[in-house]
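**Q** got a sequence here, can you model it:
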Amino acid sequence: MYVPAKAYSTWVQTELNKDYISLYNIVECTLSKGIQTDHEIYENILDALYNISFDGNTDASIFRSTTLGLRNKARELDISISDDWISRRILKSLKGNYAGINADYLKISGSYDLEELLFTIQKKSSEIAGLSKNF
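**A** Sure, this is the predicted structure:
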């Protein structure tokens with residue numbers, strides 16, 4: 001497949017005219033700038049899970065989807081972080097109207113079910129929204 005040189009952007013034409021770099025290398029360099037390495041993706045997932053928190057400013061259903069998406073991505077990357085660990089990170093972050101959830105869960109011994117916790121947060125969020133409509 002042939003593409004005329006004039007069809008390329010000016011900066012590509014300029015680099016090609018210098019004869020220092022091939023078109024293949026220009027394309028490869030350009031594409032690699034937007035691609036994260038596996039290590040970067042791994043670090044981003046770990047960072048997001050380590051700093052996971054819910055403060056009520058984010059919609060609870062979006063928080064649920066994001067959290068489960070992070071957990072699933074971690075599993076795809078063979079990152080072993082348990083649902084219990086993620087749940088405990090979230091519980092530690094709950095404040096204000098959501099602090100009662102933390103108190104209720106502290107009474108439970110054993111490991112925590114992440115999906116159940118996220119459902120509880122969504123349910124509490126709906127209750128809070130319902131109360132604010134009454135005022």
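**Q** now Lys73: which helix or strand?
**A** Using DSSP states H and E, Lys73 falls within helix 60-76.
**Q** and that helix, what other elements does it pack with?
**A** Here helix 60-76 touches helix 38-50, helix 83-93, helix 114-133, going by 3 or more Cβ pairs under 8 Å, 6 or more residues apart in numbering; DSSP states H and E. Placement of C-beta: from N, CA and C, glycine included.
**Q** that one to helix 38-50, inter-axis angle?
**A** On the basis of axes from the mean of the first three to the mean of the last three Cα atoms, to 10 degrees, helix 60-76 is oriented at 140 degrees to helix 38-50.
**Q** buried residues, helix 60-76. List them.
**A** Ala60, Phe63, Arg64, Thr67, Leu70, Arg71, Lys73, Ala74 (16 or more other Cβ atoms under 10 Å).
**Q** correct me, but the fifth one touches Ile52?
**A** It refers to Leu70. Yes: the pair Leu70 / Ile52 is scored as a contact, 7.3 Å apart, by Cβ atoms under 8 Å.
**Q** still on that earlier bit, contacts for the helix holding Lys73, please.
**A** 45-46, 48-49, 52, 54, 81, 83, 86, 90, 114-115, 118-119, 121-122, 124-126 (Cβ atoms under 8 Å, 6 or more residues apart in numbering).
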